[in-house]
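[1] Dropping a prediction and its sequence here:
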There are 2 protein chains.
Amino acid sequence: MRIGELSRRTGVSVPTIKFYVREGLLPAGELTSPNQASYGEAHVQRLRLIRALLDVGGLSVAGIRDVIVAVDDPERPVHTVLGVAANGMVPRYDREPDTGIEEARKKVAELIAARGWHAYPENPAGEALATALAALDDVGHGGFAEVLDAYADAAERVAGADLEYVAHHVAREELVESVVVGTVLGDAIFAAMRRLAQVDASNRIFGRAT
Amino acid sequence: MRIGELSRRTGVSVPTIKFYVREGLLPAGELTSPNQASYGEAHVQRLRLIRALLDVGGLSVAGIRDVIVAVDDPERPVHTVLGVAANGMVPRYDREPDTGIEEARKKVAELIAARGWHAYPENPAGEALATALAALDDVGHGGFAEVLDAYADAAERVAGADLEYVAHHVAREELVESVVVGTVLGDAIFAAMRRLAQVDASNRIFGRAT
């Protein structure tokens, strides 16, 4: 199909499609004449993936490029591609907390050991966790750490469901894409559900008293 | 203390502190002379809260203002303040999915009914959930919806722990602030833990095969 139809089918404007091609997010179309290119279903699918990662996942263009480069590289073993994809989706913070990051890193290492997780504390997710824990301390809510075990239980439940879903997608490109989509959209889904469950819990605890 | 010391203690620059005062995020200092103001511990605490919401929570200045206005209003009943605070923290999306939003809304209403949650599907969290589910469909991963029950179990576990923590903070200002901090930093904490648990699960499932 021509670029105009690709634009109509995906709701992405022609200049934006050209921008994604220049930025390496979308493969160029096949040239059918010196100034005309043809696009296929793979382009439609890829554009939908990009929009989901941008709009719902909140990833940056650079973050999406890292993920897509990993998805497209046929040489990488599946497990390391999953790692790159997951790391590309760890939120980055503008600023380190003032204090307590070393102590928070120790807590993260202890948690990982206590859970028996095969994960290194130094990976981006471990660092992100340490940053958030140190930020809790900064705002005087270090006591919130007492709920970490409940969070870890829930994280295991969700990660187990994620990987179970992934196990039903055997093709390699689909597999990695599933993890990417599941993680980014899964964060949005979980955050929304947690709000709904909080409203319910708050209603039960505080609703009558006021 | 003077504004220079407030800046030193919190790591926030003087122009940024003045910006927060102008934007209504931070109360003005007490004027001690026509061109000098004095700040107290409440300002230190509030600045740390603002930075945590901005840097770790990723909220916008406008989003933080909504939350702080709700926290500071002594007239509102606790349960409705918690609602405003929670709604202020639901991520907004740039764009509605092309299709399927009505169907996704129906799924959300069914989920809430099946769970027996006292929450309206029309609230911002319900809308956010519907948007994410429709986006999943858009990218061809509608099948991911089969894991929603596992997500809901985990969300109940986390929300229960959140409210349990909150129940230990009886002062009203602390109470609402705890929910705000717990929700925003809690999202960051949960997302990081989920990545760690995924690395572990991926290692067990795919690590040996490659």
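    Nice, thanks for sending it over. Numbers count the residues shown, from 1 in each chain, chains lettered A, B, ... in the order given.
[2] For the closest residue to residue A:6 other than its chain neighbours, grab phi and psi.
    Counting by CB to CB, 6 or more residues apart in numbering or on different chains, residue A:6 lies nearest to residue A:39, which is 4.6 Å off, once chain neighbours are set aside. C-betas here are computed from N, CA, C, even on glycine. Here is the backbone geometry of residue A:39 (degrees, to the nearest 10): phi -120, psi 150.
[3] Distance of residue A:39 relative to chain B?
    17 Å (CB to the nearest CB, to the nearest Å).
[4] For that residue, give me its contacts.
    Taking CB atoms under 8 Å, 6 or more residues apart in numbering or on different chains, we find residue A:39 in contact with A:1, A:2, A:3, A:5, A:6, A:29, A:30.
[5] Need the residue closest to the centroid of chain A.
    residue A:184 (3.3 Å; CA atoms, centre = their mean).
[6] So for that one, what pLDDT did the model give?
    pLDDT recorded at residue A:184 is 71.
[7] That one falls within a helix, correct?
    Yes - under DSSP: H, G, I helix; E, B strand; the rest coil, residue A:184 sits within a helix.
[8] That one against residue A:59, yeah?
    Yes - between residue A:184 and residue A:59 there is a contact at 6.7 Å, judged by CB atoms under 8 Å.
[9] for chain A, what helix or strand is lowest in average pLDDT?
    helix A:78-88 (a mean of 64; mean pLDDT, DSSP states H and E).
[10] Which helix or strand lies directly C-terminal to that one?
    helix A:101-115 (DSSP states H and E).
[11] State the mean pLDDT of that following helix.
    Rounded mean pLDDT across helix A:101-115 is 91.
[12] helices and strands around that helix, which ones?
    Taking 3 or more CB pairs under 8 Å, 6 or more residues apart in numbering or on different chains; DSSP states H and E as contact, the helices and strands that helix A:101-115 lies on are helix A:124-138, helix A:148-167, helix B:172-206.
[13] tell me the most buried of those?
    Counting by mean count of other CB atoms under 10 Å in any protein chain shown, helix A:124-138 has the highest mean neighbour count of the helices and strands packed on helix A:101-115, with a mean of 24.
[14] And what about residue A:32, helix, strand or coil?
    strand.
[15] For it, give me its contacts.
    Counting by CB under 8 Å, 6+ apart, the residues that residue A:32 touches are residue A:38.
[16] pLDDT score assigned to it?
    pLDDT, residue A:32: 92.
[17] And it, how far from residue A:2?
    Distance of residue A:32 to residue A:2, computed by CB to CB, to the nearest Å: 9 Å.
[18] which residues do these two both contact?
    Joint contacts of residue A:32 and residue A:2 (CB under 8 Å, 6+ apart) are residue A:38.
[19] ok, back up a step: can you lay out the helices and strands packed on helix A:101-115 as TSV showing distance to residue B:63?
    Below are the helices and strands packed on helix A:101-115 laid out as TSV (distance: least, CB to CB, whole Å):
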stretch	distance to residue B:63
helix A:124-138	17
helix A:148-167	23
helix B:172-206	10
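[20] Looking at those helices, which is nearest to residue A:43?
    helix A:148-167 (24.3 Å; CB to CB).
[21] Low-confidence ranges, chain A, go.
    For chain A, residues meeting the criterion pLDDT under 70 lie at A:55-58, A:76-99, A:168-177, A:179-180, A:207-210.
[22] residues touching the nearest residue to residue A:147 once chain neighbours are set aside, list them.
    Leaving out its chain neighbours, the residue that sits closest to residue A:147 by CB to CB, 6+ apart is residue B:161, at 4.0 Å. Neighbouring residues of residue B:161 by CB under 8 Å, 6+ apart: A:147, A:150, A:151.
[23] Out of those residues, the closest to residue B:167 would be?
    Checking these one by one against residue B:167 (CB to CB), the nearest turns out to be residue A:147, at 11.5 Å.
[24] number of nearby residues for that closest one?
    By other CB atoms under 10 Å in any protein chain shown, 20 other residues sit near residue A:147.
[25] Against residue B:165, how distant is it?
    Residue A:147 is 5 Å from residue B:165, by CB to CB.
[26] re earlier: tell me how far the residue nearest to the centre of chain A lies from residue B:185.
    20 Å.
[27] Give me the contact status of the helix or strand harbouring residue A:20 with chain B.
    Taking DSSP H and E as the criterion, residue A:20 maps to helix A:14-22. No - figure legend: helix A:14-22 not in contact with chain B (CB under 8 Å from any CB of the partner chain); closest approach 11.7 Å.
[28] Against which helices or strands is that helix packed?
    So helix A:14-22, by 3+ CB pairs under 8 Å, 6+ apart, packs with helix A:3-10, helix A:41-51.
[29] picking up where we left off before, let me know the closest of the contacts of residue B:161 to residue B:205.
    Nearest member of these to residue B:205, counting by CB to CB, is residue A:151, at 22.5 Å.
[30] Return the residues in contact with the closest one.
    Neighbours of residue A:151 in contact, by CB under 8 Å, 6+ apart: B:158, B:161, B:186, B:189, B:190, B:193.
[31] rerun that using 6 Å as the cut-off
    By CB atoms under 6 Å, 6 or more residues apart in numbering or on different chains, the residues touching residue A:151 are B:190, B:193.
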